[in-house]
Each structure stands twice: as structure tokens, then as C-alpha cells.
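> model this:
(2 chains)
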Amino acid sequence: MERFVLMNSGPSQPRPATQHLRRNPPIAGEEEAIEKARNGDARAFETLYAMHKRRVYSLCLRMLGNVAEAEDLTQEAFLQLYRKIGTFRGDSAFSTWLHRLAVNVVLMHLRRKGLPQVSLEETLEPSQDDGPRKDIGARDLTLSGSIDRVTLERAIENLPPGYRLVFVLHDVEGYEHNEIAEMLDCSIGNSKSQLHKARMKLRDLLHTGQRKEQIA
Amino acid sequence: MSVVRVMEKTMTCAEFQETLPELFEAHADLNAHEHLRSCENCAALVRDLEYIASQAKLLLPMHDPSPAVWDNIQQAIRRSPNPPASQAGRK
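Sure, this is the predicted structure:
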């Protein structure tokens, strides 16, 4: 199987049956809407769209940083949902299942665009890029309290796709590493490694932004 | 001082940073880590990474897609020859 962003290096561990309920609590009326949509009820499918469009669109927008592309992929994700909803068996939360579907749509899109592959096989050895910067003075050593939402969103946009995907799924969307590993067909260790590198890279981007602001 | 404390104190920055992903995952009390008591660089790194993770949790939700997205989905569904219930994977 061809993979764009992530490389599999081992099986993922089974997910506790109730874990997804913490972050994805059942939505009132969702189960009924799913069942009706599986039977071709257009109104029920519209209900599912209304329930989940924001999170799917947010995921696409954060991954792509482009409204037009994010809307195209949101559309594609829900069309795939329409075609595949009959295969949903309830083994995981519906939103997790839908997000997995949306992530695959995003990965396919990135692959078509030919963006560079980011391997999860890299070691955690601190490097010049990832480690704490030695040239940062004591006064601006820490970011705490200084980053607003827009700045953080912009820094996330500048992460390499592989880092960005795991960071968005874990730190923004709240998925656990075993869920991400399942979604992305990679090992839990790789997901953890990618998240750490993403945070390190974000720190670097945010500090660089701060220094530029100070110079300006 | 316990063996663990002595090991933490004698860690290099590289050794400490190698353990960081697991320490975060374990929700360890990093303030009590011996290495951080004597290393301002790593202490700042930990503060930053914790801050980034905490700020990221505040980013949801974003905006809705434009109404045109649903219009396009509806049009595509009307053209679709296969309603969901006819999918082969349905059990």
C-alpha cells in the first residue's frame, strides 16, 4: 500500500472500547440519523452533515490552509460518507470513523499535489533544528502567555504536512495516539514521535516569529 | 537521594529531551525532574511545549463551510446511481 505521509512500522494496540466517548460524546439524534441515512433518507444525511460539517471542514482547513481546497475536500469527504455509510458498523465513534475518512481524503489530495513525504521513522535524537535554540536570550526563552490564536494557527500552517496532521489530530482534535495510529495506519510510537517533532518545530517557528517582531 | 534522582540530575540535555515524549505521554510531573532544576534551557523547552499543547486545545471550533458546499453535495447525490443502502459492504 502506498503511503504519502506516514510509514507503518508496527501494529497499533487495540483501543479501549469506551475511550472515544471521552472526546467524542454521543450527539443527540445522531444514532437515529445514521440508521436512516444508511437506508437512503436524504434528510437524515443532511442532519449528519449539519452535525459534523464544522469539524470536518476545520480539519481540512488546518491541513490545507486554503478555504477553496478545504471546501472541496469537505465536499468530497461527505460524498464518500454518503457512499460508504452503509459500511459503518459502530466499532468506533461515528465522528472518529468520519474523521478517518476525511483524513484519507486529505492524504490523497496531498499525494496528488506531490508534496514532500515526511517519514515517521526519524529518530528522536535532538537535532539542531529540533532542540532548544542556544542563541535565545534569557528574556525570550519562553513563549508562555505571548501567543495568540492567529499566530498559532499561522505557525501550524507552516508545519510539514506529516507533523501538521498528527499535531492537529492529537493536540487540537484531542485524539489519542492509538486512535491516530489506527486512522493513519502507523504505529503508536511513530505518532508520538511525530507529535513531539511537530511541537518542537512549532516552538521554533513561534520563537522565530517573536524575534522578527522584536526586530521590526 | 534516590538512584532515579541521581540519574535525572546527571542527564545531559540530549538524554533528557529523548525522554520528553514519554514523559509528556505519562503526564509526569516535570517540575519535579532533577534535570530541570539545573537546566534553564530544558526548563524553558518544557514550559513552551506544555504551553503550545494547552493553546492548541483552545483552537476548536473553526468556521462552517460555505452553503455552496452542501448545495454541491446535494447535486452530486442526485446524480449518484448508488444510494447508501445498496452498498456491497452493508451488513
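
> Please make it C-alpha for all contacts and neighbour counts, starting now.
Fine.

> longest helix of chain B?
helix B:40-56 (DSSP state H).

> What's the first helix or strand after that one?
Using DSSP states H and E, the helix or strand that follows helix B:40-56 in sequence is helix B:67-79.

> Could I get the buried residue list for stretch A:77-88?
The neighbour-count check on stretch A:77-88 (16 or more other Cα atoms under 10 Å in any protein chain shown) flags A:77-79, A:81-88 as buried.

> one step back: pull out the buried positions in the longest helix of chain B.
Going by neighbour count (16+ other Cα under 10 Å), the buried part of helix B:40-56 is B:41-49, B:51-52, B:55-56.

> Could you report the separation of the nearest residue to residue A:101 once chain neighbours are set aside from residue A:69?
Of all residues not flanking residue A:101 in the chain, residue A:77 sits nearest, at 6.6 Å (Cα to Cα, 6 or more residues apart in numbering or on different chains). Distance of residue A:77 to residue A:69, given as Cα to Cα, to the nearest Å: 12 Å.

> Report the set of residues contacting both of these two.
Common contact partners of residue A:77 and residue A:69 (Cα atoms under 8 Å, 6 or more residues apart in numbering or on different chains): none.

> helices or strands next to the helix or strand that contains the residue nearest to residue A:101 in the packing?
In the assignment (DSSP H and E), residue A:77 maps to helix A:67-84. For helix A:67-84, the elements it packs on are helix A:42-64, helix A:94-113, helix B:67-79, judged by 3 or more Cα pairs under 8 Å, 6 or more residues apart in numbering or on different chains; DSSP states H and E.

> Quick check: which of the ones you listed has the most neighbours on average?
helix A:42-64 (a mean of 20; mean count of other Cα atoms under 10 Å in any protein chain shown).

> Give the rounded mean pLDDT of that one.
Average pLDDT, helix A:42-64: 93.

> which other helices and strands contact that helix?
When contacts are defined as 3+ Cα pairs under 8 Å, 6+ apart, helix A:42-64 packs onto helix A:30-38, helix A:67-84, helix A:94-113, helix A:149-157, helix A:161-167.

> Reformat those helices as CSV; add distance to residue A:175.
Formatted as CSV, the helices and strands packed on helix A:42-64 follow (distance: least, Cα to Cα, whole Å):
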stretch, distance to residue A:175
helix A:30-38, 20
helix A:67-84, 19
helix A:94-113, 9
helix A:149-157, 17
helix A:161-167, 9
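
> Low-confidence bits of chain B, can you list those?
Counting by pLDDT under 70, chain B has low-confidence residues at B:1-9, B:60-61, B:81-91.

> If we use 50, what do you get?
Applying pLDDT under 50 to chain B flags the ranges B:86-91.

> Leaving out the residues flanking it, which one is nearest to the residue nearest the centre of it?
Nearest to the geometric centre of chain B sits residue B:53, at 6.5 Å (Cα atoms, centre = their mean). Leaving aside its chain neighbours, residue B:53 sits nearest to residue A:171 (5.8 Å; criterion: Cα to Cα, 6+ apart).

> That neighbour - how many residues pack around it?
For residue A:171, the neighbour count with other Cα atoms under 10 Å in any protein chain shown is 20.

> For it, which residues are in contact?
Here residue A:171 is in contact with B:53-54, B:56-57 (Cα under 8 Å, 6+ apart).

> what does residue A:47 give?
By Cα under 8 Å, 6+ apart, the neighbours of residue A:47 are residue A:33.

> where's it relative to residue A:35, distance?
Separation of residue A:47 from residue A:35 (Cα to Cα): 12 Å.

> now swap in residue A:91 and tell me
Distance of residue A:91 to residue A:35, computed by Cα to Cα: 15 Å.

> Settle it for me: which of those two has more neighbours?
residue A:35 (17 against 9).

> pLDDT wise, what is that one at?
We note a pLDDT of 93 for residue A:35 in this prediction.

> picking that back up, of the buried residues of stretch A:77-88, which is the nearest to residue A:100?
Comparing the buried residues of stretch A:77-88 against residue A:100 with Cα to Cα picks out residue A:77 as the nearest, at 9.8 Å.

> residue contacts, that closest one?
When contacts are counted by Cα under 8 Å, 6+ apart, residue A:77 touches A:101-102, A:105.

> How about residue A:151?
For residue A:151, the contacting residues are residue A:206, by Cα under 8 Å, 6+ apart.

> Residue B:45 touches residue A:196, doesn't it?
No. Between residue B:45 and residue A:196 there is no contact under Cα atoms under 8 Å: 11.8 Å.
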